[in-house]
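1. Here you go, sequence then predicted model.
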Amino acid sequence: MTNDFVFSGLKVLDASSFIAAPAAATILSDFGADVIKIEPPGKGDPQRRLSSVPPSPRAQANYSWHLANRNKRGMVIDLKSPAAPRILKRLVEWADVVITNFPHGTREKLHLGYDEVSGWNPRVVYADITGFGDAGPDAGQPGFDLTAAWSRSGLLASTRDAGAPPTVPVWGSGDYMSAVAIYAAIVTALYRRERTGQGASVGTSLLATGIWATGTLVAAALADGTPFELHDRKAPLNPLTNSYRTADGEWFMLVTSAPNWPGLTRVIGHPELLEDPRFADVDGFVEHSAVLTELLDAEFRSQPFAHWKDALNRERITFSLIQTAEEAAQDPQLRANDIVVPLEGVSDLKETISSPINLRGVPKAVAKRAPDLGEHNDEVLAELGFSPAEIAELRTQGAIPTPPRAEM
């Protein structure tokens, strides 16, 4: 690691699984932190298998594993082994940051509770995530992003059209959103440690980040606001914020407002609508929404998307093509802004997605493959001061496995 990176020299113990918490450690690694990930023996972190579980798209590469665990060193430790605390204590003493998502109760049994960890290292920043928070009747309930971040928060109930049942959103989306929140909590605590010298226990929950994402609607409910009906594409509350289809079958999202109405009338070739009293103000748009939507539908269906792209851009009207994930992956804007970056070390996967945080003019670490299962056991144990004889003893005691074969 070069000293040019923001977090060069920062040491992170990633004692977590699946997406949100490991992805927070990945963001730290993007800025040069040395991250050691520990996994259980056997099959390791379940995210190693996520790319092969429907509805994840099928591919030769283990893309989800490298996305959330790149640039880490990997260890396998059986935390249930009586000898495991010998390793864990040295890892915690080594670390600046410890990240976990084991449930309360389980983490204490595995010697990963905050009291024990901070006793080993009082300056440590201890970060965790739960499904539903640390208190309340459901604090002990397991949660995934689809349940805690999407379903419980009101986000999923609101993200559908009128008359349509709730659907399954992009799984992992709530996790990656929460990863940024955990990262922010860690960085806040590190800043506080720089000022005070004190470690801290920080964290969030999937529910908290889901509520934050649904904040406009939940805040309105707190204000006893009267909710509008669910979106109806054929008669939306505001036909100027709606999806429309073009002659070549593309869909785009129009997001504009009354001040842009004159420009929109020019785009669709109906400047006479400016004199139509039905569309004289916002109340008129709402009252005659179905009529205006039908008119816009007919016009937008008359020309291909390329035509409307040029016309809308000329009038500075905000819109976007509604892309599939496959189309988004090839969008040149992603590479121009280092949103998609090269990935080193994986023969069948040349690129991955960078974290959404950037310091302009400050480099990020080159994205390198995620570790094989237990790949760095001996290397890290030696760095922690264990002799070859002690490492062999730890194997005999069942704290670590025999070296596995490298994954292909």
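-> Noted; the coordinates are in hand.

2. List the single closest residue to the residue nearest in space to the middle of the chain in space, sequence neighbours excluded.
-> A centroid search over the chain (CA atoms, centre = their mean) returns residue 176, at 1.2 Å, as the residue closest to the centre. Ranked by CB to CB, 6 or more residues apart in numbering and with sequence neighbours excluded, the top spatial neighbour of residue 176 is residue 23, at 5.8 Å. (Each C-beta comes from the backbone N, C-alpha and C, glycine too.)

3. Run the chain-centre distance for the host helix or strand of that neighbour.
-> When elements are assigned from DSSP states H and E, residue 23 belongs to helix 20-30. Taking the mean C-alpha point of helix 20-30 and that of its whole chain, the gap between them comes to 10 Å (CA atoms, centre = their mean, to the nearest Å).

4. ditto for stretch 342-355
-> Mean C-alpha position of stretch 342-355 versus that of the full chain (CA atoms, centre = their mean) differs by 17 Å.

5. can you pull out the strands in the stretch 301-408 of the chain?
-> 319-321, 340-344, 351-353, 367-368 (DSSP state E, counting those that start in this stretch).

6. The stretch 101-250 of the chain now?
-> The residue ranges that make up the strands of the stretch 101-250 of the chain, judged by DSSP E, counting those that start in this stretch, are 125-130, 200-205, 241-245.

7. after the shortest one, next one along is what?
-> When you say that, I think you mean strand 241-245. Next in sequence after strand 241-245, counting helices and strands by DSSP H and E, comes strand 251-255.

8. who does that next one pair up with?
-> On the basis of DSSP bridges, the sheet neighbours of strand 251-255 come out as strand 241-245 (antiparallel), strand 319-321 (antiparallel).

9. Now do the buried residues in the longest one.
-> Spelled out, that is strand 241-245. Counting neighbours by 16 or more other CB atoms under 10 Å, one finds that the buried residues in strand 241-245 are 242-244.

10. avg pLDDT for that strand?
-> Strand 241-245 shows a mean pLDDT of 97.

11. repeat for the shortest one
-> Strand 319-321 carries an average pLDDT of 98.

12. burial of residue 9, as a residue count?
-> Residues within reach of residue 9, counting by other CB atoms under 10 Å, total 11.

13. I misspoke; the intended subject was residue 152.
-> Burial of residue 152, expressed as a neighbour count using other CB under 10 Å, amounts to 21.

14. Am I right that it is in contact with residue 210?
-> Yes. Applying CB atoms under 8 Å as the test, residue 152 and residue 210 come out as touching, 6.6 Å apart.

15. In contact with the residue nearest to the centre of the chain, which residues?
-> Taking CB atoms under 8 Å, 6 or more residues apart in numbering, we find residue 176 in contact with 19-20, 23.

16. 10 Å instead, please
-> 19-20, 23-24, 26, 67-68, 145, 170, 209, 353, 355-356 (CB atoms under 10 Å, 6 or more residues apart in numbering).

17. same thing with residue 391?
-> Contacts here follow CB under 10 Å, 6+ apart; on that basis residue 391 touches 87, 377-378, 381-382, 384, 399-400.

18. Quick check: nearest residue in space to residue 143, chain neighbours excluded?
-> Sequence neighbours aside, residue 131 is the residue nearest to residue 143 in space, at 2.0 Å (criterion: CB to CB, 6+ apart).

19. Buried ones in the longest helix along the chain, by neighbour count?
-> In the chain, with assignment by DSSP state H, the single longest helix is helix 173-196. For helix 173-196, the buried set under the neighbour-count rule, 16+ other CB under 10 Å, comprises 173-183, 185-187, 189-190, 193.

20. how about the residue of the chain most remote from its centre, phi and psi?
-> Checked against the mean C-alpha position of the chain, the extreme residue using CA atoms, centre = their mean is residue 275, at a distance of 47.1 Å. With angles defined as degrees, to the nearest 10, residue 275 sits at phi -90, psi 0.

21. Quick check, pLDDT for residue 228.
-> Confidence per residue is given as pLDDT, and for residue 228 that number is 89.

22. cool, the one 4 residues further on as well?
-> For residue 232, the pLDDT comes out at 95.

23. cool, residue 1 as well?
-> We note a pLDDT of 41 for residue 1 in this prediction.

24. Please apply the same query to residue 406.
-> As predicted, residue 406 sits at a pLDDT of 47.

25. Minimum distance to residue 261: which of the strands paired with strand 251-255 has it?
-> When those are compared by CB to CB, strand 241-245 sits nearest residue 261, at 12.4 Å.

26. Centre of the chain to that closest one, how far?
-> Remark: strand 241-245 is offset 27 Å from the chain centroid, using CA atoms, centre = their mean.

27. Tell me where the stretch 251-400 of the chain has helices.
-> Secondary structure of the stretch 251-400 of the chain (DSSP state H, counting those that start in this stretch): helices at 261-267, 282-287, 289-300, 305-314, 325-329, 332-336, 377-383, 388-396.

28. Residue 170: neighbouring residues, count only.
-> Other residues near residue 170 come to 12 when the count uses other CB under 10 Å.

29. I'd say residue 7 and residue 26 touch.
-> No. With the criterion set as CB atoms under 10 Å, residue 7 and residue 26 do not qualify as a contacting pair; they are 12.0 Å apart.

30. Between these two, which contacts overlap?
-> With contacts defined as CB under 10 Å, 6+ apart, the residues adjacent to both residue 7 and residue 26 are 33, 35.

31. give the contact list for the residue farthest from the centre of the chain.
-> Contacts were defined as CB under 10 Å, 6+ apart; by that measure residue 275 touches residue 265.

32. pLDDT wise, what is it at?
-> We note a pLDDT of 96 for residue 275 in this prediction.

33. That one and residue 235, how far apart?
-> According to CB to CB, to the nearest Å, residue 275 stands 23 Å off from residue 235.

34. Next: residue 253.
-> 17 Å.

35. just residue 49 next, same as before
-> Distance, residue 49 to residue 235, by CB to CB: 45 Å.

36. Who has more neighbours out of the two?
-> A count of neighbours by other CB under 10 Å puts residue 235 above the other of residue 49 and residue 235, at 18 against 14.

37. Can you tell me, leaving aside adjacent residues, what's nearest to the more buried one?
-> residue 290 (4.0 Å).

38. how about the one you found, what does it touch?
-> Neighbouring residues of residue 290 by CB under 10 Å, 6+ apart: 232, 234-236, 239.

39. neighbour-wise, which of the residues you listed leads?
-> The contacts of residue 290, ranked by neighbours (other CB under 10 Å): first place residue 239, 24 neighbours.
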